[in-house]
Structures are given as structure tokens and as C-alpha cells.
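# need a 3D model of the following:
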Amino acid sequence: MYVPFESQHGAPQITHLDVDIANRKKLRVRARIGSHDNITLGKLTGKKYLLVDKLEMTMPSKPPKWLTIALAENGVRRKSGEGSCKRIEEYHQSIGRIDLSDKVPWCSSFLNWCIKAAGRHGTNSAAARSWLNWGQALEYPRFGCVVILWRISLGSKFGHVGFFVCESETQVCLFGGNQRGMVCKRWYSKRRILGYRWP
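As a prediction, the model looks like this:
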């Protein structure tokens, strides 16, 4: 991964990406430029990244409304043992299911809740793969777009879904629900990607 940077040593090679999506003013990367290691390039909000596949992606100064709504839910988690998290039950209720607890997979319900809170239509389905038929397909990811992954196997009916944050050469970082049982950001292998969607 590379970013534009004026230096006599050429473009910096990213060695570490520290994404603080809850507070984008702290978005920083560490890089290697020539023989100089671990240089902090500073705040990159609003600047362009040049990825290894030579595609440009703009990190906007403001996330899409649905992602801003999602970020405010950071840390909501499934209850262990008996009982159910009322907030997660509200995510399920956004798709018309009042009978589902936090023990039922809720990644799609979370995205539906966020998308609807942003004033748009979701899929009204608890199935992650339902997002493959939502909105418009993107050839390449866009900040805040919906990313659909397969789960268990490519040919199964199961999947996972979240909002795109950033990527490395082999992995994609998603912000979503039911990621280790909570709302948070997590990295996934790009080999599991089924598609990118935008409203």
C-alpha cells in the first residue's frame, strides 16, 4: 500500500496502518521511506491513498451517514449466558423480527438498522447474503460501502456483512456487528469477499 508523499527517497511503503475510526483525527500510518523506518506521516484524513493495485481511494473527511451511525454503536456486545442485549434486539426489530435474541446471528440486522437510521432502505433480512442484491455493485471498495463475505464455505448459504473501512494487500477491515460477538472493526481475508455494494 502506498500514499502520495513528496520525498527524495520516493513513495513511502506502508508498514503499519493504525486506523482509529471512532476518532478520525487520530488516523495515522507508519511507513518506510528508503532506509528511514517507522516514519509517522501524520494525519491523512481527506487525502488519497494509492493501493498496490494502482487504484485510488479517497478517505473522505466525513464518513457516510450510515457509517457515522454505526460508529456510535461501537462496543455493543452480546450477553454471555442467559439473557439478551436489548440493543441487539432493536437491530433485529429493524427487519420486523421481534422474536430474535442476541444469540441469533445479527450482522445483517445491524446493517439494516444503520442504513434505515440513515434514511435509506435496507434488505429487511437477517441473511448476510441478502445484501448481494441490494443497491448497486461496486467493482472496487469505497469507504463505507457494504462488503459481503462467505462463511463456512463459498457454496453455503451463510455469510457475514459489514462496512468497508480500509484494506491491505490480503485483508479487508470491516466495521460491523456480530464481529467476535460485538460491534467493532475486524480484519478478514479478501479470499472470502463475495461483493461490494453501495446504495
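
# break this protein into its domains for me.
13-58, 65-198 (automatic domain parsing).

# now residue 66: which helix or strand?
Using DSSP states H and E, residue 66 falls within helix 65-71.

# next SSE after that helix?
Next along the chain from helix 65-71, counting by DSSP H and E, comes helix 86-93.

# mind listing residues that contact that next one?
If you take C-beta atoms under 8 Å, 6 or more residues apart in numbering as the criterion, helix 86-93 is touched by 73, 76, 78, 98, 100-102, 104, 106, 109-110, 112-113, 126, 177. (Each C-beta comes from the backbone N, C-alpha and C, glycine too.)

# repeat for stretch 100-114
Here stretch 100-114 makes contact (C-beta under 8 Å, 6+ apart) with 66-67, 69-70, 73, 78-79, 84-85, 88-92, 94-95, 97, 122-128, 130-131, 146, 160-163, 176-179, 183.

# now which of the residues you listed would you call buried?
66-67, 69-70, 73, 78, 85, 88-89, 91-92, 94-95, 97, 122-123, 125-128, 130-131, 146, 160-163, 176-179, 183 (16 or more other C-beta atoms under 10 Å).

# okay, residue 9: pLDDT?
At residue 9, the predicted lDDT confidence score is 39.

# same thing with residue 115?
Residue 115 is assigned a pLDDT of 98 by the prediction.
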